[in-house]
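In: Next one to model:
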Amino acid sequence: MKTYFAPSELLINEDGSVYHLHVKPEQLADKIIVVGDPARVDLIASYFDDVECQIVSREFHTTTGTYRGKRISIISTGIGCDNVDIVLNEIDALANIDFQTRETKDRLRSFEIVRIGTCGGLQPDTPIGTYICSEVSIGFDGLLNFYQGRNAVCDLPMERALLNHLGWSGNMCCPAPYAIHSDKELVERIARTDMKRGITVACGGFFGPQGRQLRIPLADPHQNEKIGSFEYDGLRITNYEMESSALAGLSRLLGHRATTVCLVIANRVAQEANTDYKKLMNNLIQMVLERI
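Out: Below is the predicted model:
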């Protein structure tokens, strides 16, 4: 039996495009690169052989074109898991809901999604300039906890181990983390042997949630030390960023395949940062374009 989605639940613009992205179903490729920074969409598209369409709506910029015969869409999400929630649900709706009848389609379409971003390294062996592919993403943002089926796709033993390690069990003021594995085949294909692999923590903020203190004291000044010392099934937490958990979790629930690759631009252990990383980012972009 097909499901009907009311206008209040699925917002469609008068031109037939989805509400936030302003993208139409036929404008979306099966291979998708997502980025946080809208300016990075144009940077990646500069490597395309041809451009099919360019759509700009708020922080959501979309370009679809071809790279060496591969049709690829690039979409900017802006910063944060809340924006990823918008993008993932809307691209899935474009693929798997008939916008004329507002009902699910008979045959569901699956995307291959790679996020390219920047991050902060949390280990001595993740210095500035390291490329990290997220084998697992842990969400401190809480997004996936609002969706049915969350427990079926999460690594519950890893979640419990982390809660115990951080001392968050039973503390109502602490987040309820969720742990999601990236698509294995996609990780192997994208990371190969020249990217570091590990656990990525996606935070709900850039400062306090990532253990940065400016004028407001932290609830736990030792949070980063605890996170850096966590190890599970041979994996360590390698980096902080702000989107990977929502991408991995929603993709798994919706039947898409996803992973995140990031360039380390700050190492929290060494307390070093580099904001001039254009060449390193260009290299990472070209690697992903070749491998997606």
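
In: what's the pLDDT at Cys174?
Out: For Cys174, the model assigns a pLDDT of 84.

In: That one is in contact with Gly142, isn't it?
Out: No. In terms of Cβ atoms under 8 Å, Cys174 does not count as a neighbour of Gly142; the distance is 10.6 Å. To be clear about C-beta, it is placed using only N, CA and C from the backbone, and glycine gets the same treatment.

In: The nearest residue to Gly80 once chain neighbours are set aside: how many residues sit nearby?
Out: The spatially closest residue to Gly80, leaving aside those adjacent along the chain, is Met242, at 5.5 Å (Cβ to Cβ, 6 or more residues apart in numbering). One way to gauge burial is a neighbour count; for Met242, by other Cβ atoms under 10 Å, it gives 27.

In: Show me what the lowest-mean-pLDDT helix or strand in the chain is packed against.
Out: Confidence across the helices and strands of the chain bottoms out at strand 272-273, with a mean of 92, counting by mean pLDDT, DSSP states H and E. When contacts are defined as 3 or more Cβ pairs under 8 Å, 6 or more residues apart in numbering; DSSP states H and E, strand 272-273 packs onto strand 257-267.

In: and the strand it packs on, how far from the chain's centre?
Out: With Cα atoms, centre = their mean, to the nearest Å as the basis, the distance from the averaged C-alpha position of strand 257-267 to the chain average is 9 Å.

In: avg pLDDT for it?
Out: The predicted model gives strand 257-267 an average pLDDT of 97.

In: next one: stretch 56-63
Out: The predicted model gives stretch 56-63 an average pLDDT of 98.

In: now stretch 195-208
Out: Over the span of stretch 195-208, the pLDDT mean works out to 96.

In: Going by neighbour count, which residues of it are buried?
Out: Residues of stretch 195-208 classed as buried: 195-204, 208 (neighbour count, 16 or more other Cβ atoms under 10 Å).

In: Kindly report the same for stretch 222-238.
Out: The neighbour-count check on stretch 222-238 (16+ other Cβ under 10 Å) flags 223-224, 226-228, 230, 232, 236-238 as buried.

In: now those residues in CSV, with secondary structure and distance to Ile75?
Out: CSV is the format used below for the buried residues of stretch 222-238 (DSSP: H, G, I helix; E, B strand; the rest coil; distance: Cβ to Cβ, whole Å):
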residue, secondary structure, distance to Ile75
Gln223, helix, 32
Asn224, helix, 31
Lys226, helix, 34
Ile227, helix, 29
Gly228, helix, 32
Phe230, coil, 32
Tyr232, strand, 32
Arg236, strand, 30
Ile237, strand, 27
Thr238, strand, 25
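
In: Among the residues you listed, pick out the one closest to Gly65, please.
Out: Thr238 (32.0 Å; Cβ to Cβ).

In: contacting residues for the closest one?
Out: Under the criterion of Cβ atoms under 8 Å, 6 or more residues apart in numbering, the contact list for Thr238 reads 121-123, 126, 132, 196-200.

In: among these, which are in strands?
Out: Where these overlap with strands, as defined by DSSP state E, the overlap consists of 121, 132, 196-200.

In: Identify the farthest-apart pair in these.
Out: Taking every pair in the ones in strands among the contacts of Thr238 and measuring Cβ to Cβ, the maximum separation is 13.4 Å, between Gly121 and Arg197.

In: Nearest residue to Tyr277 in space, please, no chain neighbours.
Out: Spatial nearest neighbour of Tyr277, excluding adjacent residues (Cβ to Cβ, 6+ apart): Ile265 at 5.2 Å.

In: for Ile12, that is, sorry about that
Out: Ranked by Cβ to Cβ, 6+ apart and with sequence neighbours excluded, the top spatial neighbour of Ile12 is Phe99, at 5.7 Å.

In: hmm, back to that, so the residue nearest to Tyr277 touches Gly120, yeah?
Out: Yes. Taking contacts as Cβ under 8 Å, Ile265 lies within contact range of Gly120: 7.4 Å.

In: neighbour-wise, which of those two wins?
Out: Under the neighbour definition other Cβ under 10 Å, Ile265 and Gly120 were set side by side, and Gly120 has more, 25 against 21.

In: returning to what we had before: so which of the buried residues of stretch 222-238 is the closest to Gly16?
Out: In terms of Cβ to Cβ, no member of those lies closer to Gly16 than Thr238, at 42.2 Å.

In: Which pLDDT value belongs to the closest one?
Out: Confidence per residue is given as pLDDT, and for Thr238 that number is 97.

In: what are the bridge partners for the residue lying closest to it once chain neighbours are set aside, then?
Out: With Cβ to Cβ, 6+ apart as the measure, Gly198 is the residue that lies nearest to Thr238, at 3.2 Å, once sequence neighbours are left out. With DSSP bridges applied, the residues forming beta bridges to Gly198 are Ser134.
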